[in-house]
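Participant: Any chance you could fold what I've pasted below:
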Amino acid sequence: MTEELVHQLSLELIPGIGPKGVKQLISYCGSASEVRRTPKNRLLKIPGIGQKMADAVHSANTISEAEHIIASCLKKEIEIIHFTNPRFPKRLKQIHDSPNILYTKGRGELNPSHAISIVGARKATNYGKAITERIVSELELVGVTIISGLAYGIDICAHKAALKNHLPTFAVIAGGLDRIYPTTHRKYTEEMMKMGGVVSESKLGTKPDPHLFPVRNRIIAGLSDATIVIEAAERGGALITAGLADSYNRHVFAVPGDVGNTFSEGANKLIAAQKALIYTGIEDLIYHLGWKLTANEKDPIHTHPLSSQEEEVYSLLVQNGGLEIDVISLRSQIPINQVASVLLELEFKNLIKCLPGKKYEVIK
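Facilitator: So this is what the prediction gives:
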């Protein structure tokens, strides 16, 4: 327990100062401990620091509370990272409303070379879950760290897929790290801590109250190079995260879904409003984020084996060039509703592309 960390946390505990006020004080005074030692008349000369805030700094008795929190975290192997700490996430530090303090537990690296957040509907469909698993398995090719919110539906599916593919994954939660919510997902966090971990800006004992969830979404967006939305209703946490990512000048991708499907409305509207790029495969990320595959990494086009129906449809397109969906159904003798599903799978594997008029051709 260092003196500086005690003073850093004690400043955060003073009511009414807020993250921006703390940053301003430390920026001008040089350190948190120096803020406490600076006379009130000098604090008043700092831009944005008024009489009320200067009084609060000198009158607040938060040192003992800070010491207690730090001691409790040490016992639970929880690390407290202040924004002046080199381990504080660089991506998160870049956003204007970044928290100053993070509580984290796990062996993962909060400053990985690549990080993607995946968010979506809590009541995800089987289609949404399958797409999530496929996207995460593709991301293994570039060693991505997966960020999400541990919620039901797409979030937990992304975390579980990351674990399955041996990718680091971090869950950003709304309450304290001793109040994992939902409790049924606590077992996954234990596994996540081996390569990733759990993150919160809330001190121990904080209940995951509803108002904290939209606030924590800025951390999910801020920790990532880009956010992928997979199934989202017209309103909800996933769209809040997407909007935050966009405001931070981070890329936002959305997986298109069926028109008229409630769970696809949010993602489809993001694309229609040009607030998100269409996600069709890992090549989209590589292109827009400027990522590169190393020589020993597999060609993503041939990562996934094809089913017998996919092989048949793909062969038809190779032999005949562009074909309409009804022609593909007729020649393959596969019902048109099944053909639509097969074509979508081949698109996600980046083997074919859709042309105007529902015509499909092989990507060369």
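
Participant: Which parts of the chain are strands?
Facilitator: Using DSSP state E, the strands of the chain run over 79-82, 101-105, 115-120, 145-148, 169-172, 197-200, 226-230, 251-255, 277-278, 323-324, 352-355, 359-362.

Participant: For residue 16, find the nearest of the ones you listed.
Facilitator: strand 101-105 (16.4 Å; Cβ to Cβ). To be clear about C-beta, it is placed using only N, CA and C from the backbone, and glycine gets the same treatment.

Participant: from the middle of its chain, how far away would that closest one be?
Facilitator: When C-alpha coordinates are averaged (Cα atoms, centre = their mean, to the nearest Å), strand 101-105 and its chain have centres 16 Å apart.

Participant: Then stretch 12-27?
Facilitator: The chain centroid and the centroid of stretch 12-27 are separated by 26 Å under Cα atoms, centre = their mean.

Participant: With stretch 170-184 instead?
Facilitator: Going by Cα atoms, centre = their mean, where stretch 170-184 is centred and where its chain is centred differ by 15 Å.

Participant: Span of it from start to end?
Facilitator: 17 Å (Cα to Cα, to the nearest Å).

Participant: likewise stretch 253-265?
Facilitator: 14 Å.

Participant: and residue 307, which of the strands of the chain is closest to it?
Facilitator: strand 352-355 (14.3 Å).

Participant: any idea where the helices of the stretch 51-200 of the chain begin and end?
Facilitator: For the stretch 51-200 of the chain, applying DSSP state H, counting those that start in this stretch gives helices covering 51-59, 63-75, 90-93, 126-139, 154-164, 186-192.

Participant: Give me the angle between the longest one and strand 115-120.
Facilitator: Per axes from the mean of the first three to the mean of the last three Cα atoms, to 10 degrees, the angle that helix 126-139 makes with strand 115-120 is 170 degrees.

Participant: which other helices and strands contact helix 126-139?
Facilitator: strand 115-120, helix 154-164, strand 226-230, strand 251-255, helix 282-289 (3 or more Cβ pairs under 8 Å, 6 or more residues apart in numbering; DSSP states H and E).

Participant: Now residue 189: closest residue in space, sequence neighbours ignored.
Facilitator: Take residue 189 and drop its neighbours on the chain: the residue closest to it by Cβ to Cβ, 6 or more residues apart in numbering is residue 198, 5.1 Å away.

Participant: And the pLDDT at that neighbour?
Facilitator: Looking at residue 198, its pLDDT is 98.

Participant: before we move on, what about the one 10 residues further on?
Facilitator: On the pLDDT scale, residue 208 is placed at 92.

Participant: Show the contacting residues for it.
Facilitator: 173-175, 179, 181 (Cβ atoms under 8 Å, 6 or more residues apart in numbering).
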